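Just to be clear, the model below is a prediction. Sequence and coordinates:
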Amino acid sequence: MSNAILVHAHGGPEAMVYGSADPGRPGNGQILVEHKAIGLNFIDVYFRTGLYPAPNGLPMTPGGEAAGVVLEVGEGVDWLKAGDRIAYAVSIGAYADRRVIDAAKVVKLPDGISFEQAAAMMLKGMTAEYLLLRTFKVKPGDTILYHAAAGGVGLILGQWAKHLGATVIGTAGSADKIELAKAHGFDHVINYREQDFVAEVASITGGRKCDVVYDSVGKDTFEGSLDCLRPLGLMALFGQSSGSVPPFNLGILAQKGSLYVTRPTLFVYNARRDDLEKSAAALFDVVKSGAVKIKINQRYALKDAAQAHADLEGRKTTGTTVLIP
């Protein structure tokens, strides 16, 4: 038997119940994994509340990223063996001591990357990878705006974007978070609680504005984000922590300079095995090189996942957080 977090009915953090659960045995193409560390992400909240429907309904186990050791391999898996170190980013199922997962969804963890680092960065780091290298290919001289700069994706993306030669502007809601973002690649960080980020971006860029805006906040920042783009600029709306963006007239994009807007997701970008492997390899390389440093700011026991969610939603966390089984 194993221990896991189960959600039987959508709701607040208290909807997550810790208890025993049988992970089962691996079938064809599957492996049984013992988790050493599990990542915490805002998408876990979306599944807990029902904003994102769980693939197989309720009850469900939240959690989209983890790292651990292979305990057993099923038939048809010839590239992994018991004892191999692996990591992954999927949609749900990670909040458990052990789980069965399709082998095609995991990658081998290279030497030099710890379990906690991997669990803290797989979903967030591969999100940064596709945003910076594929959704909008950032190059030297580009200017970008990233909201929630002190969050898990932000602290990785800020370092990576700076490594690529961009001017990196962020927003954050407190002096501590501003300093944290500046220590992770951001050239300018705007306090959105005290300043008009649209006016500040215009001032910082001398009126040129940004080539791309990466927005995971959604409703509260969407219109302002559009106003931070240069003509023909692109907004990547990849989350909605403040709520869904209401319907709007597409003609606004023409009025504001023939803008582009996309709503990308990691799981579409990495749906093919070769894309997953390339994304993970790019992330591992940039971390091993030292260009991107993964610092874990909070650790909770898996049984305390409800408290971790409460702190995440209450904006009491910064950067990356892991759950320890």
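Thanks, I have it.

Show me the domain layout of the chain.
Per automatic domain parsing, the structural domains of the chain span 2-122+272-324, 140-263.

I'd like these written out as a markdown table, with distance to Glu129, mean pLDDT and mean neighbour count added.
C-betas here are computed from N, CA, C, even on glycine. Output for the domains of the chain, formatted as a markdown table (distance: least, Cβ to Cβ, whole Å; pLDDT from 0 to 100; neighbours: other Cβ atoms under 10 Å):
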| stretch | distance to Glu129 | mean pLDDT | mean neighbour count |
| --- | --- | --- | --- |
| domain 2-122+272-324 | 5 | 96 | 19 |
| domain 140-263 | 8 | 96 | 19 |
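
of the ones you listed, which approaches Ala128 most closely?
domain 140-263 (4.1 Å; Cβ to Cβ).

Could you tell me the end-to-end distance of the closest one?
Domain 140-263 has an end-to-end distance of 24 Å (Cα to Cα, to the nearest Å).

Name the helix or strand for Asn56, please.
Using DSSP states H and E, Asn56 falls within no helix or strand.

sorry, back to before: let me have the domains of the chain in TSV, adding distance to Tyr130 as columns.
Listed next are the domains of the chain as TSV, based on distance: least, Cβ to Cβ, whole Å:
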stretch	distance to Tyr130
domain 2-122+272-324	6
domain 140-263	9
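
Out of these, flag the one nearest Leu131.
Checking the domains of the chain against Leu131 by Cβ to Cβ gives domain 140-263 as the closest, at 5.6 Å.

sorry, back to before: any idea which of the domains of the chain gets closest to Leu133?
Evaluated over the domains of the chain, closeness to Leu133 peaks at domain 2-122+272-324, with 6.8 Å, by Cβ to Cβ.

All the helices of the chain, in order from the start?
42-49, 115-130, 152-163, 175-182, 197-204, 222-226, 251-255, 266-269, 273-288, 305-313 (DSSP state H).

for those, which one sits closest to Ala82?
Of all the helices of the chain, it is helix 115-130 that lies closest to Ala82, at 16.4 Å by Cβ to Cβ.
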